[in-house]
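1. please find the sequence and the predicted model below.
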Amino acid sequence: MVKTYRHESLLGFFKGMSFPIASIAVVNSVLFGVYSNTLLALTATSHQERWAQPPSYTQVFIAGCTGGFVQVYCLAPFDLIKVRLQNQTEPRARPGSPPPRYRGPVHCAASICQEEGPRGLFRGAWALTLRDTPTLGIYFVTYEWLCRQSTPDGQNPSSATVLVAGGFAGITSWAVATPLDVIKSRMQMAGPKHRVYRGVLDCMARSAQQEGLGVFFRGLTINSARAFPVNAVTFLSYEYLLRWWG
Ligand SMILES: C[N+](C)(C)CCCC[C@H](N)C(=O)O
């Protein structure tokens with residue numbers, strides 16, 4: 001934090017924020033939409049009856065993985081742009097200093113399309129699929145399990161339960177996802193001219209060789225601190241929206 005502040009001032013903390021905000025609604029509605037519709041198809045019980053006739057954990061896991069797999073195709077370009085913008089660490093522009101490589105999210109998207117073709121926007125998407133498919137299965141299973149542990153059989157979980165279960169579901173899935181998150185971000189940073197890695201396995205092996213196994217847990221603490229409130233609010237919104245409109 002101190003380094004970011006010194007180097008880039010308060011603005012450094014908000015780098016690449018506009019795009020995630022624009023994308024988060026789309027990505028989450030695809031994730032939660034595919035999740036609950038898959039669950040509906042697997043169990044034939046509506047959301048209202050879900051707590052009275054709970055699905056099995058296997059069904060929750062399959063539905064979560066399906067949601068995770070499908071949302072990657074919306075998330076990939078947004079996530080790539082976020083990573084590219086966050087990794088630009090030039091100090092704040094002063095008169096006379098060269099302009100940054102990417103001037104903002106739209107310029108970043110346009111430059112990637114120009115330099116690498118539209119498929120360039122999906123760089124690292126395979127690593128993202130590997131990261132998100134199983135870990136979003138784990139995400140929903142953790143949430144369901146924690147809710148059921150702290151709610152009498154057949155009843156709807158309270159708002160406090162939903163918040164805490166959602167928070168821990170976020171932390172648990174990030175803990176499992178972090179190794180592949182590190183690899184994914186490295187692959188997204190590689191450009192077409194200087195392709196640094198030959199694939200996910202090559203990137204894993206070379207990162208571990210050069211920096212030790214600790215590299216796979218980089219960012220976990222700060223990610224967990226972020227994941228708790230974000231996912232608590234996400235699940236509370238999901239439960240309430242479906243209760244009102246489902
Ligand atoms: C699967 N993985 C751990 C990558 C993400 C799970 C939580 C997703 C949530 N939108 C968030 O940003 O925290």
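-> Ah, there it is.

2. state the pLDDT value of the residue nearest to residue 238 when sequence neighbours are not counted.
-> Excluding the flanking residues, the one nearest residue 238 by CB to CB, 6 or more residues apart in numbering is residue 32, at 5.5 Å. Yep, even glycine has a C-beta here, placed from its N, CA and C like the rest. pLDDT for residue 32: 97.

3. so what secondary structure elements neighbour the host helix or strand of residue 32?
-> Element membership for residue 32, per DSSP states H and E: helix 18-43. Contacts defined by 3 or more CB pairs under 8 Å, 6 or more residues apart in numbering; DSSP states H and E place helix 18-43 against helix 57-86, helix 125-149, helix 220-245.

4. one more time with 7 Å, if that's ok
-> helix 57-86 (3 or more CB pairs under 7 Å, 6 or more residues apart in numbering; DSSP states H and E).

5. tell me what angle the helix it packs on forms with helix 125-149.
-> 130 degrees (axes from the mean of the first three to the mean of the last three CA atoms, to 10 degrees).

6. okay, residue 161: pLDDT?
-> For residue 161, the model assigns a pLDDT of 97.

7. so who does it touch?
-> Counting by CB atoms under 7 Å, 6 or more residues apart in numbering, residue 161 makes contact with 147, 150, 151.

8. where in the chain is pLDDT low?
-> For the chain, the stretches with pLDDT under 70 are 16-19, 90-96, 192-195, 246.

9. how does it look with 80?
-> The chain contains residues with pLDDT under 80 at 14-22, 88-100, 191-196, 246.

10. next to the ligand, which bits of this structure? Give me the list.
-> The chain comes close to the ligand at residues 131, 132, 135, 136, 139, 170, 173, 174, 177, 227, 230, 231, as judged by CB under 6 Å from any ligand atom.

11. change it to 8 Å
-> 24, 27-28, 31, 68, 131-132, 135-136, 138-139, 169-170, 173-174, 176-177, 181, 223, 226-227, 230-231, 234 (CB under 8 Å from any ligand atom).
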